[in-house]
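Q: give me a model of this one.
(chains A, B and C)
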Amino acid sequence: MSLLEVKDLTVTYRASTSAASPEKRGSAGAGDVPAVRGVSFTLDAGQKLGLAGESGCGKSTMALALLRLLPKTAHLTGEIRFDGEDLLTMSWGRLRAVRWAGASIVFQGAMHSLNAVQRIGAQIGEPIRLHSPKVGDAEIRRRVGELLEHVGLPARRADAYPHELSGGQRQRVMIAMALACDPQLIVADEPTTALDVMIQAQILTLIESLVAEQGISLLMISHDLSVLADTCDRLAIMYAGRIVEEGPAATVFGAARHPYGQALAAAFPRIGDPASRRRLQGLAGDPPDPADLPAGCSFHPRCAVRLGHCDLVDPSLWPTAGREVPDDGESHKGKGNRPAGDGTRAACVRVLPDDGLSLVEKESA
Amino acid sequence: MNGLVWARRRRTAARFWTSYRQNRAGLFGLVVLALFVLTALLAPVLTPDNALSVTRPPGSPLEGPSAEFPLGTDRSGRSMIDMIIWGSRVSLTVGFWATFISIAFGTLFGILAGHFGGWGSSLLMRVTDWFLVMPSLVLGVALAAVLGRSLTTIIVAIGVTSWPTTARLVRAQTLAVEARPYIERARALGGGHLHVMSNHVLPNVMPIVLAQTTLMVGSAILTESTFAFLGLGDPTTASWGATIQAARDVGAVSSRMWWYILPPGIAIVLVVLAFTLVGRAIEGVLNPKLRERRG
Amino acid sequence: MADSALPTAPVPQLAQSVRDRSGVRRRFRYYGEKLGGSLVSLFAVILTSFFLFRIIPGDPVRTMTHGRPVSIEQQEQLRREFGLDRPLAEQFWSYLTGVLRLDFGDSFQFNRPVTELIGDRLWPTVLLVGTSVLVSAALGLWLGVRCAWNHGSLGDRVNTGVALTLWSVPSFWLGLILIVIFASELGWFPTSGMESTGVEGWERIPDLAHHMVLPLVTLVAVVYAQYLMIMRSSLLDEMGSDYIVTARAKGLRDVIVRRRHAVPNALLPTVTLIFVNLGFVVFGAVLVETIFSWPGLGQLFYSGLSVPDLPLVQGLFILFSAAVILMNLIADLLYPVLDPRVRP
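A: Sure thing, here's the model as predicted:
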């Protein structure tokens, strides 16, 4: 059974805070902002899933939604099954028990994710004390020391305050903290973004080895597709609050089917592939404003290979497995065409049998 | 080019207003302020000619509320309503002038210190430190005591003791503005100090100064009433604080003449609150982080 | 396997001890700077008081006798008493040494040394101001935390509204209103003074408390609002922070997140401001003591102003300023205890 099963998750930010206050804003309320629009995926025990996309595409919102950490203005629907239980309908008490003990989070930019006025030892020990109340102080101290050494910091650094550590060290502390209660799942939200390249590599290696060692599932979120492709088994690409492509890491990174996935992959050079450097290019424009999404496929205004009806149909994820991949020019292919028979799915009319024209008819009918 | 700039400014103003309108407390403050300003401007029209006369007052001393004098009369037989109306002139005048002094000096020194930096800047910080550490109101009272009793004295005393706050705020804002890349560009294109300060820094500092101004008028009015109550104001002007002081002098407290004590105080509270609400609303528009925070 | 790639950060013993020694030096420098700054401020205050009362009006004797008939001989007499016939530098030197010996001269209206007068009136003011600061801080911080945590709720809006309104109320007027209602009308509390005559022994404590209620309420009402607003906005700032999300993700209850993580961080700016704002409280005390005839320094200041009794006003001016400087110094020294980031 899968450890984490997300079904049709939506996160909508209410336009005003009037959920909390009965104040009428009437005319000012422009409407709700959909940040995540029907995301589904599964994550098996011990599996590593990477979630990629530009900033503002809903990745971080989704990470926080998984443990219901979003502010009150966010409205969630769908299902988040963790170990068989739905986190969305769960009581607050049960949810608090699952937080950190079941699934923990390594946040982006550990600078601000640690409490500046508490010793790091106390912060690492806090979830242990909370989730196993019977453990004594001495034992907690010992565990904290162990955890610190596990992430490559001397145990006596437990007495340090966050500002006394470097960025990389702080991120190590975050990882030690995430491991404190032996969780089944770690969500790593841009764990290396604020770090310089050398430290990035170290932290990634650390996460990878710890996760593998303890059989923990990993959901890693990043804008950097190459980082994810290195670390994860499977990749999912998000755009405008949706997953637009999902499949084995190598396939998605090497031969993305969705034009956005291709653009994202092309934005990072691949080591040992000089050709990739020549193709290296950014994607013009910005992701759409979630409050004002374009009609049809939300990527079509930026898409280099859009078809005439792309502003009419909004395709959902479609398995590319077992289908003949239509060859319609160079612009669209990765490393040549190969039948993607490995469970890749993409949300693009071009992976549909007839380029999605039948959908247009359905739409207009 | 100039037309373009104006169009942009107009658009900014329109956006400002749309955002400001959302703040009901701010709107309330604005309405109250408008009423008081109108009252102050129309005071000669709203009240009879002899309203403030002590020698031939309209009524007899310390009358209770009646049809003729809805809020009674003061110790000289002047209608309390008229006293409140004329008092709004004093309060607003002192509030605006004291704030003007404070803002003018504060903005000037703040921008200069922020722009040139160096020892001038640290000198300014020292001086403001020194002002902030002295209980500014005690300093003001001492100043007023020394300079003699008049409205001008009170205005100067308030202005002198309150400019350091503005100067610090403006200096910080100037530093933030000057760190932006377009200042670099303006310099590279040959813009002199004066050009950079007046064309780039000032327009960007103005909004924060505006919010500060509104808040400061409120507290200046409060300080004025206090000074007047302490007997430091001009004995011949009918400021609200002076009226309260007069009420206390004639024993309105023990003889329960509520109409003598309540109205001037309520007027002060309303005006000061109105300025505070408007100032906070402006601040909220300028800094949305203060307004809408994650719940 | 990856362990070899991880840079453990062992700090060599030598480096550690070097760091310790420089830490001590840093600490000394920090405290030295703060202390030095306070002394400079104090000197500036003394200088201000000297020039403010001597130079600006041209002649303190004229100021002192402002609007009252005084003969030329009397004026000459006063000039000699104040040493105004001597050079300015000499005057300042004797003034400075006097102030440092806590000698502010003799009060004009009481014909007694200012220091003695201050000594007599110090305790009632310390009692009133101290109690009101404690009560306002406790009340303001508590309400501020609640408002921020339930930000946007009815309770928040009511509390903020009340606080802003009270902030706009002149303290002297509020005092008068309270006297009218609770002393004149209802007769629950005495209208003025600190104690009743003829009360002896332990009975004096409840009597004192009875007298203190109205002045205390007045002072708290105009002061707590600031603390509330500061704490509220400071906590709102903290609530948006990432470490709060971390704390919630750990599974902590909201109450614990607030108490253990948000509030300690939000307290940092608040504590400083509480100390810095003490000057405001001092002035509130002047008014409240005057209204309630509380026999403290504020009332003394007011009586000095109305004469005007320059030596007295001068002495109190220095005293009030020195109190604020001292409080700022305490805040500076306390801050590193609360915030490890600025710990020298």
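Q: CA atoms for contacts and neighbours, from now on please.
A: Noted.
Q: and residue 129, how many neighbours?
A: You didn't say which chain, so I picked chain A. A count of nearby residues for residue A:129, using other CA atoms under 10 Å in any protein chain shown, gives 17.
Q: oops, chain C please
A: Residue C:129: 22 neighbours (other CA under 10 Å).
Q: wait, a strand at it?
A: No. Applying DSSP: H, G, I helix; E, B strand; the rest coil, one finds residue C:129 to be helix, outside a strand.
Q: quickly note the distance from it to residue C:289.
A: With distances taken as CA to CA, to the nearest Å, residue C:129 is found 10 Å from residue C:289.
Q: could you do residue B:203 as well?
A: In terms of CA to CA, residue B:203 sits 45 Å off from residue C:289.
Q: of the two, who's got more company?
A: Ranked by neighbour count (other CA under 10 Å), residue B:203 and residue C:289 place residue C:289 first, with 30 against 11.
Q: output the longest helix belonging to the chain.
A: Looking at chain A here, since you left the chain open. helix A:197-214 (DSSP state H).
Q: wait, I meant chain B there
A: Longest helix in chain B, counting by DSSP H: helix B:80-116.
Q: and that helix, how far out from the chain middle?
A: Computed by CA atoms, centre = their mean, to the nearest Å, the separation of helix B:80-116 from the middle of its chain amounts to 5 Å.
Q: stretch A:154-164 too?
A: Per CA atoms, centre = their mean, the displacement of stretch A:154-164 from the mean C-alpha position of its chain is 30 Å.
Q: model confidence over the longest helix of chain B, on average?
A: In this model, helix B:80-116 has a mean pLDDT of 85.
Q: who does that helix touch, helix- and strand-wise?
A: helix B:24-41, helix B:43-46, helix B:118-133, helix B:151-178, helix B:202-229, helix B:240-249, helix B:258-286 (3 or more CA pairs under 8 Å, 6 or more residues apart in numbering or on different chains; DSSP states H and E).
Q: got a pLDDT number for the residue nearest the centre of chain B?
A: With distances taken as CA atoms, centre = their mean, the residue of chain B nearest its centroid is residue B:217 (0.9 Å). At residue B:217, the model reports a pLDDT of 87.
Q: now swap in the one 4 residues further on and tell me
A: Residue B:221 is assigned a predicted lDDT (pLDDT) of 88.
Q: and it, what does it touch?
A: B:91-92, B:94-95, B:268, B:272 (CA atoms under 8 Å, 6 or more residues apart in numbering or on different chains).
Q: how about low-confidence regions in chain A?
A: A:1, A:15-31, A:109-111, A:268-283, A:321-342, A:354, A:356-365 (pLDDT under 70).
Q: equivalent analysis for the stretch 51-200 of chain B, please.
A: For the stretch 51-200 of chain B (pLDDT under 70), the answer is B:51-54, B:56-63, B:67, B:69, B:77, B:133-138, B:142, B:145-146.
Q: how about 80 then?
A: When residues are selected by pLDDT under 80, those of the stretch 51-200 of chain B lie in B:51-82, B:115, B:117-150, B:172-173, B:175-200.
Q: and stretch A:75-92, C-alpha only, in PDB?
A: Output of stretch A:75-92 as PDB, limited to C-alpha atoms (Å, rounded to 0.1, in the frame of the first residue of the first chain):
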ATOM      1  CA  HIS A  75      -9.600  26.100   2.000                       C
ATOM      2  CA  LEU A  76      -8.700  22.500   1.300                       C
ATOM      3  CA  THR A  77     -10.700  19.800  -0.500                       C
ATOM      4  CA  GLY A  78      -9.900  16.300  -1.800                       C
ATOM      5  CA  GLU A  79      -8.100  13.600   0.100                       C
ATOM      6  CA  ILE A  80      -4.700  13.200   1.700                       C
ATOM      7  CA  ARG A  81      -4.300   9.600   2.800                       C
ATOM      8  CA  PHE A  82      -1.300   9.100   5.000                       C
ATOM      9  CA  ASP A  83      -0.800   5.500   6.100                       C
ATOM     10  CA  GLY A  84      -4.500   4.900   5.200                       C
ATOM     11  CA  GLU A  85      -5.900   7.800   7.200                       C
ATOM     12  CA  ASP A  86      -7.300  11.000   5.600                       C
ATOM     13  CA  LEU A  87      -5.400  13.900   7.100                       C
ATOM     14  CA  LEU A  88      -8.100  16.300   5.900                       C
ATOM     15  CA  THR A  89     -10.900  14.800   8.000                       C
ATOM     16  CA  MET A  90      -8.700  13.900  10.900                       C
ATOM     17  CA  SER A  91      -9.300  15.500  14.300                       C
ATOM     18  CA  TRP A  92      -6.800  18.200  15.300                       C
END
